[in-house]
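*Asks:* Have a look; sequence and predicted model below, questions after that.
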Amino acid sequence: MARKPVTHWTPIHLLSGIIMQQRGFSPAEALMASIAFELAENTVGVKMGLTTPESANNMTLDTVFNMAGYFLGKKL
């Protein structure tokens, strides 16, 4: 299980938030998409052997960075 709360994927979550904002997602839609991705990644992705299980801290920070990217995208 990935124990680090911040990983090499963290910038990708930030970028995905920027992209969601630029594509017109509302804040609620971006948050729900981020949560859904984390849940799917940690269930379906693990079962299919595409990813390894992540810690709750990592999943939470991935969502936080996604939303930080979303609000950063408003400034760009």
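*Replies:* Arrived safely.

*Asks:* In the protein, where is pLDDT below threshold?
*Replies:* Along the chain, segments meeting pLDDT under 70 span 1-2.

*Asks:* What residues of the biggest helix by length in the chain count as buried?
*Replies:* In the chain, assigned by DSSP state H, the helix with the most residues is helix 56-73. Burial within helix 56-73, assessed by neighbour count using 16 or more other C-beta atoms under 10 Å, is assigned to 58-59, 61-67, 69-70, 73. C-betas here are computed from N, CA, C, even on glycine.

*Asks:* what's the neighbour count on Glu54?
*Replies:* Residue crowding around Glu54 was assessed by other C-beta atoms under 10 Å; the count is 23.

*Asks:* thinking it is in contact with Glu41, fair?
*Replies:* Yes. Counting by C-beta atoms under 8 Å, a contact exists between Glu54 and Glu41, whose distance comes to 7.2 Å.
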